[in-house]
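> just to be clear, the model below is a prediction. Sequence and coordinates:
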Amino acid sequence: MNFSTDLSSNIQHLKNTLQVETCFDVVYRVVEIGGRKGCLFFVDGLTKDEVLLKILQVFQSIKPEDMPNDAHGFSKKYIPYGEIGLVSDEESTITQLLTGITCLFLDGYDKCLTIDCRTYPARGVGEPEKDKVMRGSRDGFVETLIFNTALIRRRIRDPKLTMEIMSAGESSHTDIAICYMRGRADEKLLADIKKRIETLHVDALTMNQESLAECIYPHKWYNPFPKFKFSERPDTTAASILEGNIVILVDNSPAAMILPSSVFDIIEEADDYYFPPITGTYLRLSRMAISILTLLLTPLWLVLLQNPESIPSWLDFIRLSDPPHVPVFYQLMILEFAIDGLRLAAINTPSMLTTPLSVIAGIVLGEYSVKSGWFNSETMLYMAFVTVANYSQASFELGYALKFMRILILILTALFNWYGFWAGIIIAACAVVFNRTIAGKSYIYPLIPFHFNEIKKRFLRCRLPHIEK
C-alpha cells in the first residue's frame, strides 16, 4: 500500500497499525514546517535525541514560500543530515521505523522521508572471553551489526571489500550482512548463499546465526562435525575475507560465520599468526595432536584394560592400582556426563560464588569420589586430561563433535572389544572424510583431493607472502 498526500489519513493509518495508543515506546509528534503540517514517528530509545533536535531547529526556520513541491526537493534542501531516504511503500516504512529510523510525513507529499539517526544499546568492543590470544588485538565483535562491519572496514581499506545487507524473518526482519572481497570470493557459492537467504521462510531468527545456519544448510544433521567456523575476533574475520572466504554477520549476534570452512580452518587460531613461524607451527601442531588425543586416549586405555595381555611391559603403569568397584566403562561414562553437568553449573553460577563452588566440586569429584570407591584415581586422571585438553581449541562445536565420537568409540569398545575400538575409529574417520562444506567441497582439503603446497600451509605456519611491485 502506498501513502497518500493527505497527512491525516497517513497518521491515522500508522497509529492503528503501530498501536501507538498501546505501545508507549512508539512516539509520534505533530509539527508545523513551512506552513504545512507534518508528523514525526520514531521509537523511543533507538533515536539520537540531539540529532533529531538539531533537525527540528532547522525545520522551524523554513518559510512557507520556500517549501518545495515534492519530498525529494525538501530532503535535498532542508535536511542537513547524510542518511536520508524516500519511501512510498507502507510495509517498508514500518519495517524501517521499527529498526529505529525516524519517519517524517508532510501534508501534500505522498512519500515518507526516512532519517537515519539511530542509536542502539551496545557494550564495549572488548576482547571476547572464548577467543582470547596471548598477543594481538584485544577488540571483539558486539551485538550491534554496524559496529561489527566497522571493525572489519578498519582492517581492510580496499574498495573491493563488499558488504551487502539482507534480512530474514517474517516477524523479526533480522538484518544480515554478507561480507566478501570482490574478485576473490567464490561467485557461485556467493550467489547460492544469497538465494538461500532470499528464499528463507521463517518467522524469526530466534537463535541468530545458529538459526540461519540450520536454515541455509539443513542437511546431514546427524554428523556432529561443524560446517561453519564461528569467530568473535575481527582480525580473524578480516583475514578470512582476504583469503577469499565469505563472512555472514547477523544483527544481535557477536560472532561472524565464516564459510566455506574445512576442519583445518576450524582448528586454526589467531595465535598461530601472532607469533613467529616456528612458534606458530608448534602451536598449530600441538593443537592438532591434543585434539586427536582427546578422541583416542580414554577408548585406547579402556581397550587395553580389557586386554591386559596386550599391554607392553613399558606401559605397565597404566594398569589399575586398586580393584575397581564400578566397571571402568561406567566410570568413564559417568564422568563424561558429570563434567558436562559441572560446565553447565559453572555457566549458571553467579560470579561471586564461582570460586567456592568450583573448589567444592573439585574436592567432591577428586579425593572424595576416589575414596568412596566410585572412581579409580587413574580414571580421574585421564578424564581430567581429556577435559582440560578439550579447551585447547576455540571451537565449541568441534569440541563436542570429538566428545560424541569419543563416547561412541567407548560404547563400541565396551561391547565388541578390539573390533568395536577399530570400528569406532573408522566411523569417526568417515564422519570427517565424508563430510562436506557448504560449497560441496571436501571437508579435509587439501588431504582429499591431495595438494602438497596447501598441505604445507595447513600444517606449517609459513611466512606471509610478499607482493612484487
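Right, received. Where do you want to start?

> which helix or strand lies directly C-terminal to the lowest-mean-pLDDT helix or strand in the chain?
Every helix and strand of the chain was ranked by mean pLDDT, DSSP states H and E. The lowest is helix 351-363, at a mean of 65. Next helix or strand after helix 351-363 toward the C-terminus (DSSP states H and E): helix 369-371.

> mean confidence for that next one?
Averaged over helix 369-371, pLDDT sits at 75.

> tell me the helix or strand right after that helix.
Per DSSP H and E, the first helix or strand lying C-terminal to helix 369-371 is helix 377-389.

> where does the stretch 301-450 of the chain have low pLDDT?
Residue ranges of the stretch 301-450 of the chain with pLDDT under 70: 352-368.

> can you tell me, leaving aside adjacent residues, what's nearest to I156?
Excluding its sequence neighbours, the residue lying closest to I156 (Cβ to Cβ, 6 or more residues apart in numbering) is A238, at 5.4 Å. C-beta coordinates here come from the backbone N, C-alpha and C atoms, glycine included.

> now E21
Closest to E21 by Cβ to Cβ, 6+ apart is K15, at 7.1 Å.

> next, the nearest residue in space to F404 that is not next to it in sequence: phi, psi?
Nearest non-adjacent residue to F404, counting by Cβ to Cβ, 6+ apart: P224, 4.8 Å away. Dihedral angles of P224 (phi, psi; degrees, to the nearest 10) stand at phi -80, psi -10.

> can you give me the strands for the stretch 151-300 of the chain?
161-168, 174-181, 229-231, 246-250, 256-259 (DSSP state E, counting those that start in this stretch).

> the last one pairs with which strands?
Okay, so that is strand 256-259. strand 229-231 (antiparallel), strand 246-250 (antiparallel) (DSSP bridges).

> one step back: OK, contacts around the residue nearest to I156?
Contact analysis of A238 by Cβ atoms under 8 Å, 6 or more residues apart in numbering lists I152, R155, I156.

> now for the first one: which residues touch it?
Right, the one you point to is I152. L161, M163, C179, P234, T237, A238, I241, V247.

> low pLDDT regions in the stretch 51-200 of the chain?
In the stretch 51-200 of the chain (pLDDT under 70), the answer is 82.

> quick check: the nearest residue to P324 once chain neighbours are set aside vs L304, distance?
Counting by Cβ to Cβ, 6+ apart, N376 is the residue found nearest to P324 once chain neighbours are left out, at 5.5 Å. Counting by Cβ to Cβ, to the nearest Å, the gap from N376 to L304 is 14 Å.

> do I339 as well
Taking Cβ to Cβ, one finds I339 at 22 Å from L304.

> closest to T206 out of the contacts of I152?
Relative to T206, the closest of those is V247; by Cβ to Cβ it sits at 21.7 Å.

> I figured that closest one was touching I176, is that so?
No: if you go by Cβ atoms under 8 Å, V247 and I176 don't touch, sitting 11.1 Å apart.

> quick check: phi and psi on D131?
phi -100, psi 50.

> that one: what's it in contact with?
G140, S231, E232, R233, T236, E269, A270, A394.

> summarise which helices and strands the helix or strand encompassing L408 is packed against.
Under the criterion of DSSP H and E, L408 resides in helix 396-433. Judged by 3 or more Cβ pairs under 8 Å, 6 or more residues apart in numbering; DSSP states H and E, the packing partners of helix 396-433 are helix 263-267, helix 277-306, helix 328-348.

> elements contacting the last one?
With contacts defined as 3+ Cβ pairs under 8 Å, 6+ apart, the secondary structure elements packing on helix 328-348 are helix 277-306, helix 351-363, helix 377-389, helix 396-433.

> also the shortest one?
Taking 3+ Cβ pairs under 8 Å, 6+ apart as contact, the helices and strands that helix 263-267 lies on are helix 277-306, helix 396-433.

> quick check: which of those is nearest to D25?
Among the helices and strands packed on helix 263-267, the nearest to D25 by Cβ to Cβ is helix 396-433 (35.4 Å).
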